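Undergrad: structure for this input, please:
(chains A and B)
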There are 2 protein chains.
Amino acid sequence: MSVPLLAIHTMTTKPWDLPTAAAKYSGAGVRGIGVWRQWLDGRSLTENKQLLENHGLTPCSLVRGGFFPSLTKSERQSALDDNRRALDEAAAIGAPQVVLVCGAKPELSLPENRKQITEGIAACIDHAAATGVQLAIEPLHPMYADCRSAINTLGQCNDIIDQLGDAHVGIAADVYHIWWDPHLYQEIARAGKRIIGFHVCDWITPTNDFLNDRGLMGEGCIDIKSIHRAVRDTGFNGFTEVEIFSTRLWATDQDQFLQNIITAHQNYVAL
Amino acid sequence: MSVPLLAIHTMTTKPWDLPTAAAKYSGAGVRGIGVWRQWLDGRSLTENKQLLENHGLTPCSLVRGGFFPSLTKSERQSALDDNRRALDEAAAIGAPQVVLVCGAKPELSLPENRKQITEGIAACIDHAAATGVQLAIEPLHPMYADCRSAINTLGQCNDIIDQLGDAHVGIAADVYHIWWDPHLYQEIARAGKRIIGFHVCDWITPTNDFLNDRGLMGEGCIDIKSIHRAVRDTGFNGFTEVEIFSTRLWATDQDQFLQNIITAHQNYVAL
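TA: Reported below is the predicted structural model:
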């Protein structure tokens, strides 16, 4: 039995390495996987690709590139080099996109952070074209605007893509980051076919940690189905990617957690 | 010596009760005070008003009303009653505005939360008119959209005031909540004379607590002077209100902290 259009990010089941995650996901009928780059370590890219193929898994994304804003020229060059490497890795394992966490430095002004991000993405487009891998800008929640991403709304993503074109740049829309946005549905509609990734989890109350206190779908307040419907209405037909960072959930039995993800996807995400 | 246009919220120096805060602020040359309602306890409203007058302090705001979204009719009525009491209290101590933390319930949908907020504010307008006290909507950072306020941008405030009129409803703009907004400057300009409160503190990196880890101006990444300039450009000529919640700073010597606030205001806020 397979679970249509459900993919899971390796970070979601953090205690599992890639061989374990691949075997477990596949055994549970999951057909898609979002691969975090650390999970590739210890095997060649060819071996990683083969591992996913052996389990019938489609890699829907490689996570993550980005982190463009830099204080020095050499740091900026390192970031560009790393993003090009990420594109190469994605191509090698057959992932169609690299998810961009665009970055931010609190030492830089917000306009400067945003300028460096647009320039950084622009500088990677030729390599994206050469590898056939897309750059997926993921807007991050405004609570990360100081140090993780100065791109905080779908509207900003749309503005950047208006400027850079959509041949090699798209958007990864994660409900965790965008659910609160008063312009959410209008910007999803504006994005249209630019949406090339759809990530889900939930926002729990209270949230006690800025990074690792996300909820399983259904545990929180996000109207995931409405957002999902709007995203599908754009014509998006890719995997729904479950991306949950949770110290609490990582501490639970991961086999049971995997089953809970599949049930939660059915109950709170699937249309 | 007085510090022009500087006001401090009683919550900023949480260890001090109102008589202490009033004496200390006044002694340091501070002329404005933002009064949190808990600080009124233990004295009559007349005594509180007299206390502030005796120290030459102008109460610029009473904090706080709001918390409109409710799960039951009786809870909703209690919220309205409480907001009307807040307006009465503000009038009694001579504060020209009640700051609204609009509220949100994770059990309600975001549109329902937002609808109840607009309706709640609307239901208080007559009483605001009768008391001569303004309702100041404070947009809160999107990280509070689940449980503290579903009003998260200046744009939403402007939309609400477009609907309700600006005779008795204005905006309290706090840099902590709005600094990240890509539409910040355009919405400040759109707000114009609707801005009736301006609050400052800073966003520090990393921020480790959702509520009580704000920074003193200059400690973080917010470009406070630019926002301040834009707010003054609307014609706003009221106090700049220092509102810092910080477990770390509350644990320091509050006399020294008060001096640091005055210095930080001079260095990072004053134009």
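
Undergrad: all the strands of the stretch 101-250 of chain A, residue numbers only.
TA: Counting by DSSP state E, counting those that start in this stretch, the stretch 101-250 of chain A has strands at residues A:134-137, A:169-174, A:195-200, A:240-242.

Undergrad: distance to chain B added to those strands, as JSON lines?
TA: For glycine as for every other residue, the C-beta is placed from the backbone atoms N, C-alpha and C. Formatted as JSON lines, the strands of the stretch 101-250 of chain A follow (distance: least, Cβ to the nearest Cβ, whole Å):
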{"stretch": "strand A:134-137", "distance to chain B": "14"}
{"stretch": "strand A:169-174", "distance to chain B": "14"}
{"stretch": "strand A:195-200", "distance to chain B": "16"}
{"stretch": "strand A:240-242", "distance to chain B": "20"}
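
Undergrad: can I get the ones you listed in a markdown table with distance to B:Lys225 and mean pLDDT?
TA: As requested, the strands of the stretch 101-250 of chain A are arranged in a markdown table below (distance: least, Cβ to Cβ, whole Å; pLDDT from 0 to 100):
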| stretch | distance to B:Lys225 | mean pLDDT |
| --- | --- | --- |
| strand A:134-137 | 30 | 98 |
| strand A:169-174 | 33 | 98 |
| strand A:195-200 | 37 | 98 |
| strand A:240-242 | 41 | 98 |
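
Undergrad: dump these into CSV; add distance to B:Ala189 and mean neighbour count as well.
TA: Shown next, in CSV, are those (distance: least, Cβ to Cβ, whole Å; neighbours: other Cβ atoms under 10 Å in any protein chain shown):
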stretch, distance to B:Ala189, mean neighbour count
strand A:134-137, 27, 28
strand A:169-174, 28, 26
strand A:195-200, 31, 24
strand A:240-242, 39, 26
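
Undergrad: and of the ones you listed, who's closest to B:Glu53?
TA: Each of the strands of the stretch 101-250 of chain A has some distance to B:Glu53 by Cβ to Cβ; the shortest is strand A:169-174, at 52.7 Å.

Undergrad: ok and the closest one relative to strand A:195-200, angle-wise?
TA: Strand A:169-174 and strand A:195-200 meet at an angle of 10 degrees, taking axes from the mean of the first three to the mean of the last three Cα atoms, to 10 degrees as the criterion.

Undergrad: against which helices or strands is strand A:169-174 packed?
TA: Packing contacts for strand A:169-174, counted by 3 or more Cβ pairs under 8 Å, 6 or more residues apart in numbering or on different chains; DSSP states H and E, involve strand A:97-101, helix A:110-131, strand A:134-137, helix A:154-164, helix A:184-191, strand A:195-200.

Undergrad: verify the stated contact: A:Ile195 with A:Asp233.
TA: No. Between A:Ile195 and A:Asp233 there is no contact, the gap being 10.2 Å when judged by Cβ atoms under 8 Å.

Undergrad: common neighbours of these two, please.
TA: Residues touching both A:Ile195 and A:Asp233 by Cβ atoms under 8 Å, 6 or more residues apart in numbering or on different chains: A:Ile188.

Undergrad: sorry, back to before: how about TSV for the helices and strands packed on strand A:169-174, with distance to B:Phe67 added?
TA: Formatted as TSV, those follow (distance: least, Cβ to Cβ, whole Å):
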stretch	distance to B:Phe67
strand A:97-101	34
helix A:110-131	31
strand A:134-137	36
helix A:154-164	29
helix A:184-191	24
strand A:195-200	30
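
Undergrad: for B:His168, find the nearest of these.
TA: The minimum distance between B:His168 and these falls on helix A:184-191, with 29.8 Å, by Cβ to Cβ.

Undergrad: residues contacting that closest one, please?
TA: Contacts for helix A:184-191 (Cβ under 8 Å, 6+ apart): A:153-155, A:157-158, A:161, A:171, A:173, A:178, A:181, A:195, A:227, A:230-231, A:233-234.

Undergrad: so which elements touch the strand ranked longest in chain A?
TA: Scanning chain A for the longest strand, with DSSP state E as the assignment, gives strand A:58-66. Applying 3+ Cβ pairs under 8 Å, 6+ apart, one finds that strand A:58-66 makes contact with strand A:3-9, strand A:30-36, helix A:73-93, strand A:97-101, helix A:110-131.
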